[in-house]
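S.K.: would you be able to build a 3D model of this:
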Amino acid sequence: MAAEQPPWTLTIPSDLRLLGLARAFVEAICQVAGLDERTTHAIVLATDEATNNVMRHAHQGTPDAQVQIQCYVRPDGIEIHLHDEGQPFDLSTVPDLDPAELRVGGRGVFIMRTIMDELSCHPRGERGNILRMVKRCLCRSPYSAGA
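M.R.: All right, here's what the predicted structure looks like:
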């Protein structure tokens with residue numbers, strides 16, 4: 001069995017102006033993994049929603065807080081971890097929304113749940129969380145474990 005490859009990692013200040021950088025990073029990882037355009041777009045969208053939520057809600061506009069995005073490329077998919085510095089967050093408290101409901105905002109977790117195959121959030125110590133998102137798909141990359 002091949003050793004697990006270390007994650008590709010991006011750490012940025014919690015500044016909404018840097019969302020484009022986070023999107024470009026995840027898109028580049030998806031391209032390295034050999035994912036098709038549709039799957040890449042979906043993963044980038046889910047990660048953008050997650051990063052936006054961290055910056056707006058977990059960090060409440062505090063630019064000196066850090067967001068770390070880790071991408072693990074595996075033969076059977078991509079796993080993304082978002083590390084934040086916010087208060088502990090229980091993902092299970094976010095209700096499932098009716099997609100037909102008209103409202104402004106509140107769709108980020110719905111989008112992440114819809115796009116990704118696995119979604120979980122765990123506290124990391126006294127402060128901060130790790131949001132884990134998994135998309136199962138065929139990765140054709142020399143960087144995926146076991147390739």
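S.K.: wait, doesn't Leu45 sit right on Gly108?
M.R.: No. Counting by C-beta atoms under 8 Å, Leu45 does not reach Gly108; the two are 10.1 Å apart. All C-beta spots, glycine's among them, are computed from the backbone N, C-alpha and C.
S.K.: neighbour count for the two, which is higher?
M.R.: Gly108 (19 against 16; other C-beta atoms under 10 Å).
S.K.: for the more buried one, give me its contacts.
M.R.: Glu49, Ala50, Asn52, Asn53 (C-beta atoms under 8 Å, 6 or more residues apart in numbering).
S.K.: of those residues, which is the nearest to Thr114?
M.R.: The closest of the contacts of Gly108 to Thr114 turns out to be Glu49 (C-beta to C-beta; 10.3 Å).
S.K.: roughly how far apart are the closest residue to the closest one other than its chain neighbours and Leu138?
M.R.: Nearest-residue entry for Glu49: Gly108, 4.0 Å, with adjacent residues in sequence omitted and distances by C-beta to C-beta, 6 or more residues apart in numbering. As judged by C-beta to C-beta, to the nearest Å, Gly108 and Leu138 stand 27 Å apart.
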